[in-house]
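Chemist: Okay, here's the prediction I keep looking at, along with the sequence it came from:
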Amino acid sequence: MLDAVSSLIIIAAVAITTFATRAASFLVFPKDREIPPTVKYIGTILPPAVIGMLVVYCLRSTQVFAYPYGVPELIACLTVIGLHAWKRNVLLSVGAGTILYMVLVQMVFV
């Protein structure tokens, strides 16, 4: 088991590394320099790609041939899509979909 000093050293190392990687972008792309088109393209393509990958990851083990036949997942996904189309708020739609899914699998489809 780690003692308190070792734990603090690990936390400090992780904090410094996280800060350094976030600060590096400001060193590479200062305000007075134009952002390259490739970086702009990646900035527009990457978020939807990550969301798509997360959807596939979350739904990959859904069993549609056994009870509850993927119904909780379907309801939660439709809720996320509907809320996002209505409010355009990622935190709201994903949060509400997650809470709804947990309620469905814990209380409704037992």
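Modeler: Happy to help now that I have it.

Chemist: can we go C-alpha only for contacts and neighbour counts from here?
Modeler: Will do.

Chemist: Find the residue ranges of the chain scoring beneath the pLDDT cut-off.
Modeler: 1 (pLDDT under 70).

Chemist: Quickly find the element holding Thr79.
Modeler: Using DSSP states H and E, Thr79 sits within helix 71-87.

Chemist: Which element is encountered next along the chain beyond that helix?
Modeler: Past helix 71-87, the next helix or strand by DSSP H and E is helix 90-103.

Chemist: contacts for that following helix?
Modeler: Pro72, Glu73, Ile75, Ala76, Cys77, Thr79, Val80, Ile81, Leu83, His84 (CA atoms under 8 Å, 6 or more residues apart in numbering).

Chemist: picking up where we left off before, which positions in the helix holding Thr79 come out as buried?
Modeler: Of the residues in helix 71-87, Val71, Pro72, Glu73, Ala76, Cys77, Thr79, Val80, Ile81, Leu83, His84 count as buried by neighbour count, 16 or more other CA atoms under 10 Å.

Chemist: show me the contacts for the third one.
Modeler: By that I understand Glu73. By CA under 8 Å, 6+ apart, Glu73 lies in contact with Leu59, Thr62, Tyr101.

Chemist: neighbours around the second one, how many?
Modeler: What it means is Thr62. 15 (other CA atoms under 10 Å).

Chemist: now the last one
Modeler: Neighbour count for Tyr101, taken as other CA under 10 Å: 21.

Chemist: And the one 4 residues further on, by the same measure?
Modeler: The number of residues packed around Val105, counting by other CA under 10 Å, is 14.

Chemist: Please apply the same query to Val39.
Modeler: Here the number of neighbours of Val39 (other CA under 10 Å) works out to 10.

Chemist: Can you give the contact residues for the strand or helix carrying it?
Modeler: If you go by DSSP H and E, Val39 is part of helix 37-59. Helix 37-59 is contacted from outside by Glu73, using CA under 8 Å, 6+ apart.
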